[in-house]
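1. need a structure here:
(chains A and B)
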Amino acid sequence: MVNRVCAALVLAGSLAGCATSGGNPADPLERVNRAVFAFNDVADKAVLTPVAKGYRAVLPGFVRTGISNFFSNLEDVWVSVNDVLQGKFQEGLEDITRVVFNSTFGIAGIFDFASDVGLPKRNEDFGQTLGRWGIESGPYIVVPLIGPSTFRDGFGLLFDYKADLVYWGTDSVPVRNSLYATRAISNRTNLLDASSVLEQAALDRYAFVRDAWLQRRRNLVYDGNPPRESDDSDDEPTK
Amino acid sequence: MKNVLYFLLALLPALAQGQTVAPDVLVKTITDEVTAVIKKDKDIQSGDTRKAADLIESKIVPHFNFTRMTRLAMGRNWRSATPEQQKELASEFKTLLVRTYSTALTNYRDQQIDYKPLRAKPDDNEVTVKSDVKQSGSSQPVSIDYEMEKTDKGWKIYDVKVGGVSLVTTYRDTFASEVREHGVDGLIKALAAKNREPQSSKAGKS
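-> Below is the predicted model:
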């Protein structure tokens, strides 16, 4: 996975010179990105979506929730580290409390009791930490088999990958790969409904995903309260 | 069916005073109404998007300002459109959003919605109503924020942000590049074509 990300970054970087610019200044590599997006789309439709649908059809909801919670709990360790790296000590303490609570009372994270007692799940990763430190997101990239990212967030992914408990939690490659696969399927299943909405919403799915993704990341970096962007000048209340 | 009717009748007083209702109360009332209907409607739950669209048309659409939404999505190009084009754009964009929303509604299950306290002064003309939706199967709540403006006819929604992603500005680049390549009429045509697609179609272009 790291190799894949590296390759994508290098590829994206070396093609930067020849790619023509489309509409969005945040996306100078649009031509390459569109090709990778189309490839990912084919892979998703051919493999991941059918598997996710089967997964949803076969396993009852509470089992899927348990599996999703299990991986989410492992992830919370790195979430709390990122809280601290961003200077959010209170949040870091809360998120590590989530891990302790859910790992014990929640039986290895299968139940998310912490959410029920007022410690909701947070979304943090190293890309967001870099953003918090003032690093701009850089050009938008679509990473093969992973999806939308940016130079900054792609770089952050390398750290996320190394800090992943599934990565160093086991020495057995087959076990690790099974865990990766299960997590990917679980994550994709949670998004099945969203993709049917996307299908309906977008005139141009590539641009829609890109613009939604960039807004989403910006929102996450600012923890839900991003400063207003200046380009709303054409807007004024109507009577 | 009868139950639904009684339910709707019971709502009439609430709707009649819609003009004076505070923005957060309004959002909560609409959401409660709509989710209550879906919970009872097996057709919508099993994917009847037409029925979902009817529900949206009658319950949700009146509370939106689609002209402003369209203008926001158009950005600078709004002013280069004639009044007739603006009208057509707003109408097609509305249809697209209703169809999108109706797809989303058929996916609705038992999500729990929490509203955050409204931070606004009494004389504010623009407010953001914030809510968190807790989804089954995933422990992370998704935020849904409603940008609202005060009008003579009560509070109107002009943007919805899901997880920080604006329903309106996400279309901005698509609209701009369509206008750049095919003009305003090209964009109207593209929207109309999208709206004519069968809703269950999986064959989206990339």
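2. Give me the distance between the residue in chain B positioned nearest to chain A and A:Q215.
-> Distances between chain B and chain A by C-beta to the nearest C-beta are smallest at B:G164, namely 2.4 Å. Placement of C-beta: from N, CA and C, glycine included. Using C-beta to C-beta, to the nearest Å, one gets 6 Å for the distance from B:G164 to A:Q215.
3. Then A:L179?
-> Counting by C-beta to C-beta - A:L179 and A:Q215 are separated by 31 Å.
4. Equivalent analysis for B:D110, please.
-> Separation of B:D110 from A:Q215 (C-beta to C-beta): 28 Å.
5. When the two are compared, which one has more neighbours?
-> Between B:D110 and A:Q215, counted using other C-beta atoms under 10 Å in any protein chain shown, A:Q215 has the larger neighbour count: 20 against 9.
6. Find the residue closest to the more buried one in space, skipping its chain neighbours.
-> Leaving aside its sequence neighbours, A:Q215 sits nearest to B:V165 (C-beta to C-beta, 6 or more residues apart in numbering or on different chains; 4.7 Å).
7. Flag every buried residue along stretch A:97-116.
-> By neighbour count on 16 or more other C-beta atoms under 10 Å in any protein chain shown, the buried set for stretch A:97-116 is A:98-99, A:101-103, A:106, A:109-115.
8. residues making contact with it?
-> By C-beta atoms under 8 Å, 6 or more residues apart in numbering or on different chains, the residues outside stretch A:97-116 that reach it are A:66-67, A:69-74, A:76-77, A:80, A:117, A:119, A:121, B:134, B:139.
9. List the buried residues of the host helix or strand of A:S80.
-> According to DSSP states H and E, A:S80 maps onto helix A:61-85. Neighbour counts over helix A:61-85 (16+ other C-beta under 10 Å) mark A:64-85 as buried.
10. Kindly report the same for stretch B:160-177.
-> Neighbour counts over stretch B:160-177 (16+ other C-beta under 10 Å) mark B:160-177 as buried.
11. related to what we said a few turns ago, I'd say the residue nearest to A:Q215 and A:A212 touch.
-> Yes - using C-beta atoms under 8 Å, B:V165 makes contact with A:A212 at a distance of 4.6 Å.
12. shaky segments in chain A?
-> A:1-22, A:230-239 (pLDDT under 70).
13. Nearest to chain B: which residue in it?
-> Chain A approaches chain B most closely through A:N219 (2.4 Å), counting by C-beta to the nearest C-beta.
14. Helix, strand, or coil at that residue?
-> The three-state label given to A:N219 by DSSP: H, G, I helix; E, B strand; the rest coil is helix.
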